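Engineer: No letters, just coordinates:
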């Protein structure tokens, strides 16, 4: 008997994936259309679940996929946890039987049910290199912990790793950046492939090349794993019940938002950056695509929101442009890898719970005629988009106490937004509000402003 094939092309993707799997016969093949599917997804019959490499099954709290049946094969899928800093029992994205087979499956989060491999994986989600010397050589190191032998690889130009295999246990890896031109944005992935199952895990790598280098990168340790986490993870697995985890996941689905506060800028915080400390805040609400002449010099801008349906790591990027619409050099892009412009007019505050751009209009060089501020969700998960924000706004606090609020447009299903622009017209700087989503990927936006990407 030939395997039965079933597919579904409806609108409610999160519901349809379960219908696809439930609708096939035993030993059938469930063809999953391209899309993002919210878990938990339960596989209760012997079958093959096949995506096309762009199928994402995600959950804010695990598990996202539970395999209960024997002889199940997963192919060309991405299984993701979208929240950070979860307790170990909620960070398990995949629960399966020991005989489950995998082909081109990318996993973020932990796995349960696979002998040996279900133990602790001590991997970073991302490695930030900061500013590395242009056309020179810089060396870094990072630690990882793997419970089984694995392959490690990076196919980015100019990036070399000291090893191509990882041994069971702790590994120290050296990373070398060599001969990359100035002003190039380093953005790509390091892949870890398990020898036991072929499951793929990835580490996002980023940085920028320039003449002004971050504090000496030589022998810099970018990441070290938690030595106690291995034993804690092992104890957690002894008491882990996937059925209970699924039920709790369903009960909490979108009923508990992650409360991250109002997102407003407090005057006393701005005082650290020499803004007036004798202010009475005046709130005003502005609309997109209006020109607002700027009468004062200093501003603090950040993205505010009352809560988020899933965790989002949002970063700010300011482009300082000349008359040709391009950055003059690598220091004209201000972001987490280059937090201060060479002229000192733009400062990026990159703290654990705060992302703010502080702008001193009075210190901007004469050859800069335009600036553009965007916010982008860090990483490449397609499920993490700006429509997950609740009451999103661009918050602009002026040194005279005026607090401008720009509401984001509704239902932004993109990973990047154009927040505001600054234009100099007849010697006067004007603020141009936007708050709209940008369909162009971050890498292409950087290229359009003259920042090269490798």
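Structural biologist: Ah, there it is. Here the structure is a predicted model, which means the values were calculated and not measured.
Engineer: Can you report how many residues lie near the residue nearest to residue 174 when sequence neighbours are not counted?
Structural biologist: If the residues on either side of it in the chain are set aside, residue 174 comes closest to residue 162, at 3.8 Å by CB to CB, 6 or more residues apart in numbering. Placement of C-beta: from N, CA and C, glycine included. Residue 162: 13 surrounding residues under other CB atoms under 10 Å.
Engineer: Isn't residue 162 up against residue 152?
Structural biologist: No - with contact defined as CB atoms under 8 Å, residue 162 does not reach residue 152; the gap is 9.6 Å.
Engineer: tell me, what's touching these two both at once?
Structural biologist: The contact sets of residue 162 and residue 152 overlap at residue 173 (CB atoms under 8 Å, 6 or more residues apart in numbering).
Engineer: ok so, going back, got a list of what the residue nearest to residue 174 touches?
Structural biologist: Per CB under 8 Å, 6+ apart, neighbours of residue 162: 173, 174, 175, 176.
Engineer: what's the distance between it and residue 141?
Structural biologist: 8 Å (CB to CB, to the nearest Å).
Engineer: wait, isn't residue 174 in contact with residue 152?
Structural biologist: No - using CB under 8 Å, residue 174 makes no contact with residue 152, being 11.6 Å away.
Engineer: Pick out whichever of those two has more residues nearby.
Structural biologist: residue 152 (20 against 13).
Engineer: re the thing from before, out of the contacts of residue 162, grab the one that's most surrounded.
Structural biologist: Neighbour max across the contacts of residue 162 (other CB under 10 Å) = residue 175, 21 neighbours.
Engineer: My guess is that residue contacts residue 137. True?
Structural biologist: No - with contact defined as CB under 8 Å, residue 175 does not count as touching residue 137 (11.4 Å).
Engineer: which residues are common contacts for residue 162 and residue 141?
Structural biologist: Joint contacts of residue 162 and residue 141 (CB under 8 Å, 6+ apart) are 173, 174, 175.
Engineer: which residues touch residue 55?
Structural biologist: Neighbours of residue 55 in contact, by CB under 8 Å, 6+ apart: 32, 33, 34, 35, 37, 76, 77, 78.
Engineer: again, but for residue 398
Structural biologist: Shown in contact with residue 398 (CB under 8 Å, 6+ apart): 296, 298, 299, 404.
Engineer: Kindly report the same for residue 425.
Structural biologist: By CB under 8 Å, 6+ apart, residue 425 has no neighbours at all.
Engineer: Identify the structural domains in the chain and state their residue ranges.
Structural biologist: Listed domain ranges for the chain are 5-118+231-252, 126-225, 258-453 (source: automatic domain parsing).
Engineer: so can I have a markdown table of the ones you listed showing mean pLDDT?
Structural biologist: Converted to a markdown table, the domains of the chain look like this (pLDDT from 0 to 100):
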| stretch | mean pLDDT |
| --- | --- |
| domain 5-118+231-252 | 83 |
| domain 126-225 | 86 |
| domain 258-453 | 82 |
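Engineer: Am I right that residue 445 falls within a helix?
Structural biologist: Yes - judged by DSSP: H, G, I helix; E, B strand; the rest coil, residue 445 forms part of a helix.
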